[in-house]
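Asks: A structural model of the following input is requested.
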Amino acid sequence: MRNTALFIIVAFTAISLPLTAQNKTVAITIDDLPYSTLGAKVSDVNEAGKDIRSILDTLKAHHVPVVAFVNEQKLMVDNQLDVRVGLLQQWMDGGVELGNHTYSHADLNKTPLPQFEDEVIEGEVITRRLMKERGQQERYFRHPFLRTGDTLEKKHDFEAFLKSRGYIVAPVTLENLDWAFNAAYLQALKDKDRDTANTILDAYLAQMDVDFDYYEKMTQTLFGHPIAHVMLMHSNRINALMLDKVLAKFEARGYRFVTLDEALKDPAYQTADNYVGPYGYPWQHRWALTLGKDQDLKGAPDPPKWVWDLYKKASGG
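Replies: Now for the predicted structure:
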């Protein structure tokens, strides 16, 4: 009898451990399509296509569903519209669902509401046509810079506008500032400093663990348990090179990749968000501020200073 009981306990433990791991879920989202640093030349389009192919191959290998957000202004270059639209079609051929990120990556905090609403409408013209051709419907909107309004009235009025056009806001609960590492990496290559470029790749991967620790801890403090996360990444060179290792980091921590639909079913996303202000906070910060919870809002992890310095050099800052 004792042996039978022991067997049941061991068997239950063996079953419950993987189930616990499977309860950690994340939806991957990608911003600034078709490609975040897409230049004006045809050669830039060709390079973007190669990086997009690499990202898509990696997503497929890890069985990752993705919603990715488009800035249609990136398509509008004389005599290149077709090939640039082809980049969006490349994403769709890879099984990626497209969403709206405004036409020109405008900042809601700095843009009058009627003008910003025009940005949304102008930013859906080609995307909605492409999706309709495939029997799909554009459903998600992602705020550029994660800035959702500088007044509560503006925030709520814009959310009502989005709802009237059939959009759901795509929140963010995990990010790794890949855009800063990407700019630093490209600057190192421009400086012909291959050693620094390789070190940036290593630092980018190390940053993932720092970010995991921070956002998981903050989520635990808010809710007392893990939630279904939504990860923000960008379509860029550093992810073309490193996405396989980034996704492996998720898997090593026991995460399962889910659709954005599934992630947003988590009750956490029903938490009130009344944050307005200058910062593009991830949603844990917004919830904490709305609930009046004592959070270390200044503790969000930054890249190493030397990476920031290279980023500023690349951006002229």
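Asks: Now the closest residue to Pro34 other than its chain neighbours. Its backbone dihedrals?
Replies: Nearest non-adjacent residue to Pro34, counting by CB to CB, 6 or more residues apart in numbering: Leu87, 3.6 Å away. Yep, even glycine has a C-beta here, placed from its N, CA and C like the rest. Main-chain torsions, Leu87, degrees, to the nearest 10: phi -70, psi -40.
Asks: so what's Leu87 up against?
Replies: Taking CB atoms under 8 Å, 6 or more residues apart in numbering, we find Leu87 in contact with 33-35, 38, 45, 48-49, 52.
Asks: With distance to Met92 and neighbour count added, can I get the residues you listed in CSV?
Replies: Below are those laid out as CSV (distance: CB to CB, whole Å; neighbours: other CB atoms under 10 Å):
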residue, distance to Met92, neighbour count
Leu33, 10, 27
Pro34, 11, 25
Tyr35, 14, 25
Leu38, 17, 21
Val45, 17, 19
Ala48, 15, 26
Gly49, 14, 16
Ile52, 11, 22
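Asks: Spatially nearest residue to Thr37, not counting backbone neighbours?
Replies: Closest residue to Thr37 apart from its sequence neighbours, by CB to CB, 6+ apart: Asn236 at 6.1 Å.
Asks: From the contacts of Leu87, which land in helices?
Replies: Under the assignment DSSP state H, the contacts of Leu87 contribute 45, 48-49, 52 to helices.
Asks: Compute the number of surrounding residues for Asp93.
Replies: Other residues within reach of Asp93, judged by other CB atoms under 10 Å, total 11.
Asks: quick one: it from Lys74, how far?
Replies: Using CB to CB, to the nearest Å, one gets 18 Å for the distance from Asp93 to Lys74.
Asks: could you dump the helix or strand where Pro114 lies to CSV, C-alpha only?
Replies: Under the criterion of DSSP states H and E, Pro114 resides in helix 113-122. The C-alpha atoms that make up helix 113-122 are tabulated as CSV, following Å, rounded to 0.1, in the frame of the first residue of the first chain:
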residue,chain,number,x,y,z
LEU,A,113,-6.5,63.3,-32.1
PRO,A,114,-8.2,63.9,-35.5
GLN,A,115,-4.8,63.8,-37.2
PHE,A,116,-3.9,60.6,-35.4
GLU,A,117,-7.1,59.0,-36.4
ASP,A,118,-6.2,59.8,-40.0
GLU,A,119,-2.9,58.1,-39.4
VAL,A,120,-4.7,54.9,-38.5
ILE,A,121,-7.0,55.0,-41.5
GLU,A,122,-4.1,55.8,-43.9
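Asks: what's downstream of it, the next helix or strand?
Replies: Using DSSP H and E, the helix or strand that follows helix 113-122 in sequence is helix 125-133.
Asks: which residues of the protein score low on pLDDT?
Replies: 1-22, 295-298 (pLDDT under 70).
Asks: surely Leu174 meets Met233?
Replies: No - using CB atoms under 8 Å, Leu174 is not in contact with Met233; the gap is 9.3 Å.
Asks: okay, now the nearest residue to Phe145 once chain neighbours are set aside: neighbour count?
Replies: Distance criterion CB to CB, 6+ apart; nearest residue to Phe145, sequence neighbours excluded, is Gly280 at 4.4 Å. A count of neighbours around Gly280, defined by other CB under 10 Å, yields 17.
Asks: was I right about Gly280 contacting Asp150?
Replies: No - taking CB under 8 Å as the definition, Gly280 is not a contact partner of Asp150, at 11.8 Å.
Asks: which residues do the two both contact?
Replies: Common contact partners of Gly280 and Asp150 (CB under 8 Å, 6+ apart): none.
Asks: who does the residue positioned nearest the centre of the chain bridge with?
Replies: Centrality entry for the chain: nearest residue to the mean C-alpha point is Leu232, 1.6 Å, by CA atoms, centre = their mean. When bridges are called by DSSP bridges, Leu232 pairs up with Thr29, Glu175.
Asks: give me every residue that touches Pro278.
Replies: For Pro278, the contact set (CB under 8 Å, 6+ apart) comprises 109, 147, 150.
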